[in-house]
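Novice: Okay, predicted coordinates and the sequence, questions at the end:
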Amino acid sequence: MKPTETLIQRLVTAHVVPGVSYALMDGDAVAANVLGQAAWYPAPERLTPNAQYDLASLTKVVGTLTVFLQAVQDGLLTPASPVADFLPSVTDRRVTFRHLLTHTSGIAGYIPHRDALPAPALRDAILHLPVTAAFEQKPVYSDTNLLDTGFVLEKLYGAPIHDLIATRVLAPLGLSGASFQPTLPVPTLFNRQTGRNFAGIVHDPKSRVLGAHSGSAGLFSDLPSLVRFAQWYLGQWAPADPPVAQETLVPLWHDWAPHHGQRSLGWDLRYTPAGTPVLYHTGFTGTFIALDRQHQQGLIVLTNRVYPNGHNDRFLADRELILNTWLAEIDS
């Protein structure tokens, strides 16, 4: 067993998380495994191979980014298009989709009394957030960027972003285990007062309010569907009618951020010790994915790190160790 797999399994044996579903991809070979439990309370709950995890921010790259790339292919916009052409409330015409998708827009993220706002008021507050002095200085990760992107795609295609993702991404790729209405959800929280688990409802507060209009979170998926997505991204297979062409995906393995901020469109960029670029993204709930197209390698880890009480800093350190160990193994 390679060190990466040992570290992933240690998440369960050390009780950092209740369970984990993971896949290590090496060319056509996929080593997938499911370990541990879906929940600890009120009684141990078995983790099944088709269990669906709250992907959190992986929704951004699996769903919203893919629909954005479709819009580019359809000639409706480009990464260089000013966002103000589509969202007049973004009055700073310097801000382009390249800035949104590399998190260099400088758009403020703070919304007073955010959790008390109904959906229309929250959407309006997001649309009117100002551009700060952080514009184009360095990547500052913010859900606002992909929420704005989703609002634009809704205007272009005339449907909620979740519906667009379902019809334009999940269906063509055959991701039958991915859904915004999961049937086998893994719990994300446990309420000790009620003795019940919180499952099947998106963990992210803004996405709970915005519902189908959130381009930043809301998607649930099992492991096989994400493996299939990764295989498509790596160019290992293609459906009859793919969401976007491989020629559109290949440029993502480059730095798109101003001043070489090590961000691609939608994705973070990490590098192997030898300098090979790797697409990487995490989800707050404990999901992460890394894809190396040059060596045809992939790492997918799905877990419920916020269970049972929403706090788990130990996982964050272990996640970084797992990623760095995997990156080093690529070059070994």
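Specialist: Noted; the coordinates are in hand. Residues are numbered from 1 along each chain as shown.
Novice: Which parts of the chain are helices?
Specialist: Secondary structure of the chain (DSSP state H): helices located at 3-13, 58-59, 65-73, 97-101, 119-127, 143-157, 161-165, 171-173, 205-210, 223-233, 246-249, 313-331.
Novice: so which of those gets nearest residue 112?
Specialist: When the helices of the chain are compared by CB to CB, helix 119-127 sits nearest residue 112, at 8.2 Å. (Glycine included, C-beta is placed from N, CA and C.)
Novice: residues in contact with the closest one?
Specialist: 87, 89-90, 111, 114, 117, 144, 147-148, 151, 206, 209-211, 213 (CB atoms under 8 Å, 6 or more residues apart in numbering).
Novice: In ChimeraX, how would I select just the buried ones from those?
Specialist: In ChimeraX syntax, the buried subset of the contacts of helix 119-127 is picked out as below (16 or more other CB atoms under 10 Å):
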select :87,90,111,117,144,147,148,151,206,209,210,213
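Novice: partner residues bridging the residue nearest to residue 41 when sequence neighbours are not counted?
Specialist: Here the nearest residue to residue 41 in space, its sequence neighbours aside, is residue 190; by CB to CB, 6 or more residues apart in numbering that works out to 4.7 Å. In this structure, residue 190 has beta-bridge partners residue 197, where bridges are defined by DSSP bridges.
Novice: Quick check: residue 190 vs residue 37, distance?
Specialist: The spacing between residue 190 and residue 37, counted by CB to CB, to the nearest Å, is 12 Å.
Novice: Please apply the same query to residue 57.
Specialist: When CB to CB is the yardstick, residue 57 and residue 37 sit 24 Å from each other.
Novice: ok, those two, which is more surrounded?
Specialist: Neighbours per residue, other CB atoms under 10 Å: of residue 57 and residue 37, the larger number sits with residue 57, 22 against 17.
Novice: mind listing what the nearest residue to that one once chain neighbours are set aside touches?
Specialist: Distances taken as CB to CB, 6+ apart place residue 283 nearest to residue 57, at 4.7 Å, with adjacent residues excluded. Residues counted as contacts of residue 283 (CB under 8 Å, 6+ apart) are 54-59, 217.
Novice: Repeat that for residue 35.
Specialist: The neighbours of residue 35, taking CB under 8 Å, 6+ apart as the test, are 9, 12, 19-21, 47.
Novice: For it, give its distance to residue 329.
Specialist: Here residue 35 is placed at a distance of 20 Å from residue 329 (CB to CB).
Novice: per-residue confidence for the residue nearest the centre of the chain?
Specialist: When CA atoms, centre = their mean is applied to the chain, the residue found nearest the centroid is residue 58 (1.2 Å). The score at residue 58 is 98. That number is its pLDDT.
Novice: and residue 54, how many neighbours?
Specialist: The number of residues packed near residue 54 is 32, by other CB under 10 Å.
Novice: beta partners for it?
Specialist: When residue 54 is checked against DSSP bridges, its beta-bridge partners turn out to be residue 220.
Novice: pLDDT score assigned to it?
Specialist: Taken from the predicted model, the pLDDT recorded for residue 54 is 98.
Novice: these two touch, right, it and residue 302?
Specialist: No. Taking CB atoms under 8 Å as the contact criterion, residue 54 and residue 302 are not neighbours in contact, 9.4 Å apart.
Novice: Which neighbours do those two have in common?
Specialist: By CB under 8 Å, 6+ apart, the residues touching both residue 54 and residue 302 are residue 287.
Novice: what's near enough to touch residue 262?
Specialist: Residue 262 makes contact with 139, 255, 268-270, according to CB under 8 Å, 6+ apart.
Novice: hmm, I was thinking of residue 97
Specialist: Applying CB under 8 Å, 6+ apart, the residues near residue 97 are 68, 77-81, 83, 149, 152.
Novice: quick one on the thing from earlier: any idea how far the residue nearest to residue 41 lies from residue 304?
Specialist: Going from residue 190 to residue 304 by CB to CB gives 10 Å.
Novice: ok, these two, which is more surrounded?
Specialist: When residue 190 is set against residue 304 and neighbours are counted by other CB under 10 Å, the residue ahead is residue 304, at 31 against 20.
Novice: Which pLDDT does the model give that one?
Specialist: Residue 304 is given a pLDDT of 97.
Novice: quick one, what contacts residue 277?
Specialist: Residues in contact with residue 277, defined by CB under 8 Å, 6+ apart, are 253-255, 269-271, 292, 294.
Novice: Show me what it bridges to in the sheet.
Specialist: residue 271.
Novice: confidence score at it?
Specialist: According to the prediction, residue 277 has pLDDT 98.
Novice: quick one: low-confidence parts of this structure?
Specialist: Under the criterion of pLDDT under 70, none of the chain is flagged as low confidence.
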